[in-house]
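Q: Below are the sequence and a predicted model; questions follow.
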Amino acid sequence: MSSLAIFRKVAVAEGISYLLLLFVAMPLKYFADMPLYVKYTGWAHGLLFVLYAATLVLAWQEQKWKFGKAVLIFLASLLPFAPFIVDKKLKDERPENAKSI
């Protein structure tokens, strides 16, 4: 499996964890006095964020992306829904080292 394929899976998981943190755990904390959900969802999201950054570096090296593209993809992790847009854009991207048929 290529680094790009792994990165795409991590990006989707990170995006989902971010949305759960923002739209489920945070409202539960502030409106239902249930702060434990933020603790665990936040922990999972933090781990996935670190994996996002690490797999981004691997995919960047494998795909030989320009620095600006890697920075934009990293910044996408900071915005809700943006990791899903990144995944859609990268879906059709072909690895540099793939052999043509």
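A: On my side now, so go ahead.
Q: Quick one: residues in contact with stretch 39-50.
A: Residues from elsewhere that reach stretch 39-50 (C-beta atoms under 8 Å, 6 or more residues apart in numbering): Val10, Ala13, Glu14, Ser17, Tyr18, Leu20, Leu21, Val24, Ala25, Ser77. Backbone N, C-alpha and C define where each C-beta goes, glycine included.
Q: could you dump the residues you listed to a markdown table with distance to Phe67, secondary structure and pLDDT?
A: Listed next are these as a markdown table, based on distance: C-beta to C-beta, whole Å; DSSP: H, G, I helix; E, B strand; the rest coil; pLDDT from 0 to 100:
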| residue | distance to Phe67 | secondary structure | pLDDT |
| --- | --- | --- | --- |
| Val10 | 20 | helix | 97 |
| Ala13 | 25 | helix | 97 |
| Glu14 | 21 | helix | 97 |
| Ser17 | 27 | helix | 97 |
| Tyr18 | 24 | helix | 97 |
| Leu20 | 31 | helix | 97 |
| Leu21 | 29 | helix | 97 |
| Val24 | 35 | helix | 97 |
| Ala25 | 34 | helix | 97 |
| Ser77 | 16 | coil | 95 |
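Q: any idea which of these is the one closest to Ala70?
A: The shortest approach to Ala70 among the contacts of stretch 39-50 belongs to Ser77, at 11.6 Å (C-beta to C-beta).
Q: which residues touch Ala25?
A: Going by C-beta under 8 Å, 6+ apart, Ala25 touches Tyr37, Val38, Tyr40, Thr41, Gly42.
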